[in-house]
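> A predicted structure for the sequence below; I have some questions about it.
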Amino acid sequence: MTTDSIISKVWSFCQTLRDDGVGYGDYLEQLTYLIFLKMADEYSKPPHNRKVGVPARHAWPVLRPLKGAELELHYVEALRELGQQRGMLGQIFTKAQNKIQDPAKLARLIELVDEVTWTSLDADTKGDIYEGILEKNAEDTKSGAGQYFTPRALIQAMVACVAPEPGKTIADPACGTGGFFLSAYDYLVKQRTLTPAQKRFLKNDTFHGNEIVAGTRRLCLMNLFLHGIGEIDGDSRVASTDALIATPSVTFDYVLANPPFGKKSSMTFTNEEGEQEKEDLVYNRQDFWATTSNKQLNFLQHIRSLLKTTGRAAVVLPDNVLFEGGAGETVRKKLMETTELHTILRLPTGIFYANGVKANVLFFDNRPASKETATKEIWYYDYRTNIHHTLKRKPLRFEDLAEFITCYNPANRHQRQETWHAEKNPEGRWRKFTHAELSARDKTSLDLFWLKDESLADLENLPEPADLAEDIIENIEASLASFRAVATALSKTAK
């Protein structure tokens, strides 16, 4: 079968199951289980002859011919038992459930998976099939999967700026479906000529992450495995524990991350009346500069603690991190004192699957302890003012960030030139501010803009009506979410 025919069949059957109420996420999970079992069977035979840990009674040759109720019962039992195995096998099948209630449809999906010899496909082909469905799943706003899917164009630009080197470690404390890992992997494979030792390190020891949502972690593990990262009979470097709980015991060369959306860290519990409630989480860690329930500030502090003294980070964070007072001001001051916060990329709205998100990418390098402030100046690239993107009509592309990457100058970021000039080029998007200028601002706010918003001054430069409509919908949905949170809080207070 050709790559196109495989993708076509996978997609067409996905649409068939959608008509039965099986969403992209549920389809992805079942596809993950079945492809893994089929690949395990292939690896257990010549020329591989590997012990993959799948009990004989649940191996692919046993599952493949079953039909009807017998198939359904066997599949449910197999998922339960496989989740109790060790290594990658048990991690892929943790809390696994059958979401395809029609045995005939399940049998057809097994047939589709069986038609392909998956180990003969190259990593790019397997990865493209899986990444395509992951992206479709992210587009399904009802599933909420978009919060685990960072735009790939943005990830690629961040990796291009950080320019990771082979033989070094990369961490993501909230790795979602593994987008940062895959982009860094592709960058290292395509940009470098790797030695055999470097290839082994890249495959087995480079990437380290955390993902606390079981279903998302499963998709991440499979995504990495299909792209050639990790071994079918090995252990995963993606932990299921909350990254924020404790001071890390290991530090890393790079951290690339987009911590989950939402300002508060919280946990859900059931009260005495049997109702579900949320309680704000505050992490009391000695290595944190400020104690707060603000999830974004906690992740920023944690990411700094993950870095070696020579470590470098690129992190997507919302606007509130740049201007919020109290703990926010403390964290910003300490971040500039102890690390070299050298670059901030201001991102436009309309590029994330969560509505109304205003975010930035902070690039900072860790430094050994010193009495001197590590940050001397911060370079800003304003890719928000007068920029309009939408998820469907005008999605963010890697080419859109080409000018920023050029200005960033990954080859030598200490040799940069401003594109902004008060008289010669007041529309320049690339500008630097000194630490003294930033420290003098109220609450040490790093929330800076200098370009004139044309839509406010000139009606002729308004965005396209369809873009405006999509922006309005995003803002209304974001507002409704905020009102619901307020209403929930008020109802709890009334009780």
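Cool, got the structure.

> would you put the C-alpha positions of stretch 14-32 in CSV?
In CSV, the C-alpha atoms belonging to stretch 14-32 read as follows (Å, rounded to 0.1, in the frame of the first residue of the first chain):
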residue,chain,number,x,y,z
CYS,A,14,-12.4,7.9,11.1
GLN,A,15,-15.2,9.7,9.4
THR,A,16,-17.4,6.6,9.4
LEU,A,17,-16.9,6.3,13.2
ARG,A,18,-17.6,10.0,13.7
ASP,A,19,-21.1,9.2,12.4
ASP,A,20,-21.4,6.7,15.2
GLY,A,21,-20.4,9.3,17.8
VAL,A,22,-16.8,8.3,18.1
GLY,A,23,-14.7,11.5,18.3
TYR,A,24,-11.2,12.0,16.9
GLY,A,25,-9.7,11.5,20.4
ASP,A,26,-11.5,8.1,21.0
TYR,A,27,-10.5,7.0,17.4
LEU,A,28,-6.9,8.0,18.1
GLU,A,29,-6.8,6.0,21.3
GLN,A,30,-8.2,2.8,19.6
LEU,A,31,-5.8,3.3,16.6
THR,A,32,-2.9,3.7,19.1
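
> as a whole number, average confidence for the helix or strand that contains Ile405?
Using DSSP states H and E, Ile405 sits within helix 402-408. pLDDT averaged over helix 402-408 equals 98, rounded to a whole number.

> just use 13 as the starting number from now, easier for me
Shifting the count to begin at 13 puts that one at helix 414-420.

> For the helix or strand that it is followed by, which strands pair with it and how are they oriented?
Where DSSP H and E defines the elements, the next helix or strand beyond helix 414-420 is strand 442-446. Strands flanking strand 442-446 in the sheet, each with its direction: strand 389-394 (antiparallel) (DSSP bridges).

> Check which residues of the partner strand are buried.
Buried residues in strand 389-394, defined by neighbour count with 16 or more other C-beta atoms under 10 Å: Ile390, Trp391, Tyr392, Tyr393, Asp394. To be clear about C-beta, it is placed using only N, CA and C from the backbone, and glycine gets the same treatment.

> cool, stretch 224-243 as well?
With burial defined by 16+ other C-beta under 10 Å, the residues of stretch 224-243 counted as buried are 225, 227-242.

> What about those, which are in helices?
Gly227, Thr228, Arg229, Arg230, Leu231, Cys232, Leu233, Met234, Asn235, Leu236, Phe237, Leu238 (DSSP state H).

> hang on, isn't the first one packed against Thr44?
If I follow you right, that is Gly227. No. With contact taken as C-beta atoms under 8 Å, Gly227 and Thr44 are classed as non-touching, separated by 9.6 Å.

> so what's Gln97 closest to, chain neighbours aside?
Gly65 (5.4 Å; C-beta to C-beta, 6 or more residues apart in numbering).

> could you say which helix or strand contains the one you found?
No secondary structure element spans Gly65, as it lies outside all helices and strands (assigned by DSSP H and E).

> Can you name the residues that contact it?
The neighbourhood of Gly65, defined by C-beta atoms under 8 Å, 6 or more residues apart in numbering, consists of Ala52, Gln97, Arg98, Gly99, Leu101, Asp245.
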